[in-house]
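S.K.: Provided below are the primary sequence and the corresponding predicted coordinates.
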Amino acid sequence: MSKFKSFLIRTLQLALVLWAVVTILFLMFRLMPGNPLAAYIDPTFTAEQQEALIRQFGLDQPLWRQYFTYLANLLQGELGYSFRYRTPVADRIWLLLPNTLILTFSSLIVAYAFGILAGAWLAWRRGTRTEAAALPVVLATRAMPEFWLGMVLLAIFSFSLGWFPAGGTRSAGTSYDSLWALYTSSNFLSHLFLPMMTLAIYSQGLPLLLMRSNMLDVMKEDFITMAKIKGLSPFAVVIRHGARNALLPVMTSFAISVGYQLQGNVVVESVFSWPGLGRELVNAVAASDYPLAQGAFLMIAVVVIAMNLLADLLYSILDPRISHA
Amino acid sequence: MKAIRNLSLGAGIAASLWATASFAQDPIRQIELLSRPQAAQPAEFQAIQLIAQEWRKLGLDVKVNVMPWSQMADAVWYNRDTWDVTAWQMTGRPERSDPDEIIFNLFHSSTAEKGYNFIGYNNPAYDKIVEEQRVTVDPEQRKALVIEAQEILAADQPNMMLVHPQQAFAFDKTVFDPTSVVDQSGIGIRSYWSWLNITPTGDQKDIIVNSSDNVIAVNPLYISGVTDNWLTELIYDRLFRVGADGLPQPWLAESFEWRDDTTIAVTLREGATFHDGQPVTAEDVVFSYEATTGGEAPMYAPFGSNVSGIAVEGDNTVVFTLGTQSASFLTSSLAKINIIPKHVWDPVLADLSTKDENAESHQEDMPIGSGAFKFVRWLPNEEIVLEANADHFNAPKAERFILRLVPNAEAALGMLRSGEINFLTDFQGDPQVLLDAAEQDGDLEVVSTVDIGFRYVAFNLRRPPFDDPAFRRALSAAVDRRLIVNAAFKKFAVASNSVVSPALEYWHAADVVDGFQAGTDVAKSILEEAGYGGVGDKLTYPEGVSETLAD
């Protein structure tokens, strides 16, 4: 089977997954108990106005018609209007997505850089006291809830020591000419630090443990024995020969981690008042703002699915032995 | 399902088949009491637990059912026949400084089917009094009617009033002169008047406040949220403002004159300009009022609907003709409707009239008003920056007003202490934590004010046993409000027995609150007097009354 054809089949499979996600999202919000008009209950609000709103939101239509309208709009790239903001959902998502992506990728890069090096090192120190002490610590960081870790970091580094600000992406009232100027400013980086570290501490465990176990396998291979026999330095053996071969599964797990990290963002963005998509998702669900919640979930699903596809493709490119035939 | 209360004596054969155990009095079914979750509304949740406990002492079988707001609204507001009892609240807003909105909309029979009288209260005598106070312009006469309305409610107990909360706000007194902070009656120091009057004493010239709610829109024709209102209030002027004393005062209007009961002439201030430099004219005022009732701004429509005619007279006088006489017109319309520039909104509204959307979905990039602060920028979910309008007739003392959006209450308090914000305008945590933090810090001043809003327990008067005033009086009397104030609200509230808050000193019926008798014994004796059986054990209806819940 040609590479192109296998790619096409993968893409079709993903489209099917996406359709399932869209359908579940649609039903999930509408079958949830509660009423999207709850936010508008006010003594000054007449029954006629509420009915007008229901019509405007399209909630007077039967469910199947709402579903097909939703699908048809979606195929045209139309995510609908937010009930609360009354503005297009897509606009809202594009405004907030950059903040979420920057937090996600910066924390993953820190987590993977640390995890890979520490994992390799721990494999080298197999059977020592260092390993006995380090492994429980790593497992503990994996088990800590992110919001708790976030609050602890806030309490120590912001409230007590005053080293870092407690929320937002910049100090009150500061403005920058461009996103680039903002992202490279010390103001932004000091605001980024705590939420990024919270996510990084939470997610370094996966690459670390993965790297360590891969390394342990690789270190038993003949070519490592060969390298040792050649009299290479431990650094050359571990990093140049061992780590490079153990890295492959770790790199593909990076792609998949992006999806998990987006989940973590939901919590961390609320703790650190980070203006991202995750926090918006929480607000939208709380306010029964179906179109916005669906749009935000869908965006996250698209990223996860795309990253899975990327992981697949990376595999076959990085290791030609794996094919999709 | 519709509940009907029958006299079994007069009931037909079918009914007597139902009443199998007719030798005894009918037991009262299990009562379902609704509350929002502890995580979202800790005080309400705690109060409901306490109330259930007190009611059980009377012999009532009470089940507490906890659900989030959107679900509760559905169960109560949109399904008016099927719920029993629910916790509920009204929030305080400057326009509610006039008692009309509360005493009319919540209890008048005309709003029972779909409006705010969701409890289904129907009392013709009460209707008559609240209709009359609406058209009574003489304050003393009107006050007597408002007091009488409160007395009827106290006797009928359609709602079980719990407390008027005390909202606690804090600011950094090393940044602002504490004497320049204005405590608005029933609203607190987080008031419009504070933002105008606050005087910075050092290098920090910005007022930096917080909100846990997101800003939905900055739109003069859309009532989108409480926090959004802080902004529109500052960006847009209104003809009148509710003053720090709770009474309306001329604002963009220089003077006004009632020509007869339904005609008021308002003369505008000279020299006021919009933020783009254009003058504020009488045509802009006419346009602003017509915009509210023109169909493109449904949420503002009720505030403008009583205006049956509006005309410009001379250069800068606007004459309003009212459909019906209205005592609260200054507060509920003139102090509510934003004055918007015709040159900006006329083309927008014309364009919207051809579309499905209305003005509520129109978000300007740069909202233009004539208010004391100008819009600068909005970073979604992060902050909104306004700057002082030096040309305003009441120019603010501070340089900027910056609203930070902080969903995390602990972080907001931490930010206040670190200076990331300097005025805590929204604190969802335990007020005691705030007081402790202020004591530790030394730089913070906490001010708490009794709210216009209130918390209560609403009975569904459509369903037995809540259709009996004696039963409601007994349930209400069963709960000592001091318990609710101390245990549920941690003392940050005052006990209530009237929908008109003591913060509205002029309208508040103090005797109704002071004369309220509470205690399990009081409640039991009311029930026994009314003929209920099994008091303190397993409560039953009075002899001859049966509970029928028919389709």
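M.R.: Received, thanks.

S.K.: name the nearest residue to residue 130, sequence neighbours excluded.
M.R.: No chain specified, so I'll use chain A. Once flanking residues are discounted, A:Thr130 sits nearest to A:Leu122: 7.4 Å by C-beta to C-beta, 6 or more residues apart in numbering or on different chains. Where you see a C-beta, it was placed from the backbone N, CA and C, and this is true even at glycine.

S.K.: the intended chain is chain B.
M.R.: B:Val130 sits nearest to B:Phe104 (C-beta to C-beta, 6+ apart), 4.9 Å away.

S.K.: do you know how far the one you found is from A:Arg212?
M.R.: Using C-beta to C-beta, to the nearest Å, B:Phe104 is found at 71 Å from A:Arg212.

S.K.: so what's the residue nearest to A:Thr130 up against?
M.R.: For A:Leu122, the contacting residues are A:130-131, A:134-135, A:208, A:212, by C-beta atoms under 8 Å, 6 or more residues apart in numbering or on different chains.

S.K.: after the helix or strand where it lies, which helix or strand is next?
M.R.: Using DSSP states H and E, A:Leu122 maps to helix A:89-124. Once helix A:89-124 ends, the next helix or strand along the chain (criterion: DSSP H and E) is helix A:129-143.

S.K.: surely A:Phe83 and A:Tyr290 touch.
M.R.: Yes. In this structure A:Phe83 lies within contact range of A:Tyr290 using C-beta atoms under 8 Å: 6.8 Å.

S.K.: shared neighbours, these two?
M.R.: A:Pro36.

S.K.: before we move on, the earlier item: out of the contacts of A:Leu122, who's the most crowded?
M.R.: With neighbours taken as other C-beta atoms under 10 Å in any protein chain shown, the top of these is A:Leu208, carrying 27 neighbours.

S.K.: so what's the closest residue to A:Trp163 other than its chain neighbours up against?
M.R.: Leaving aside its chain neighbours, A:Trp163 sits nearest to A:Phe157 (5.0 Å; criterion: C-beta to C-beta, 6+ apart). The contact partners of A:Phe157, taken as C-beta under 8 Å, 6+ apart, are A:163-164, A:194.

S.K.: would you format the residues you listed as CSV with pLDDT, secondary structure and neighbour count included?
M.R.: Below are the contacts of A:Phe157 laid out as CSV (pLDDT from 0 to 100; DSSP: H, G, I helix; E, B strand; the rest coil; neighbours: other C-beta atoms under 10 Å in any protein chain shown):
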residue, pLDDT, secondary structure, neighbour count
A:Trp163, 94, coil, 11
A:Phe164, 93, coil, 20
A:Leu194, 95, helix, 24
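
S.K.: mind putting these into a markdown table with distance to B:Arg259?
M.R.: Shown next, in a markdown table, are those (distance: C-beta to C-beta, whole Å):
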| residue | distance to B:Arg259 |
| --- | --- |
| A:Trp163 | 66 |
| A:Phe164 | 63 |
| A:Leu194 | 63 |
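
S.K.: list just the nearest of the residues you listed to A:Val17.
M.R.: A:Leu194 (34.9 Å; C-beta to C-beta).

S.K.: so B:Lys374, which state does it fall into?
M.R.: Three-state assignment for B:Lys374 (DSSP: H, G, I helix; E, B strand; the rest coil): strand.

S.K.: and what of the one 10 residues further on?
M.R.: Recorded secondary structure, B:Ile384: strand (three-state DSSP).

S.K.: right, and it touches B:Phe373 too?
M.R.: No. The criterion here is C-beta under 8 Å, and B:Ile384 misses it with B:Phe373 at 10.4 Å.

S.K.: who's more crowded, those two?
M.R.: More crowded of B:Ile384 and B:Phe373, by other C-beta under 10 Å: B:Phe373, with 26 against 23.

S.K.: relative to the whole chain's centre, how far out is stretch B:462-474?
M.R.: How far stretch B:462-474 lies from its chain's middle: 25 Å, per C-alpha atoms, centre = their mean, to the nearest Å.

S.K.: and it, what's buried?
M.R.: Using 16 or more other C-beta atoms under 10 Å in any protein chain shown as the test for burial, stretch B:462-474 gives B:462-468, B:470-474.
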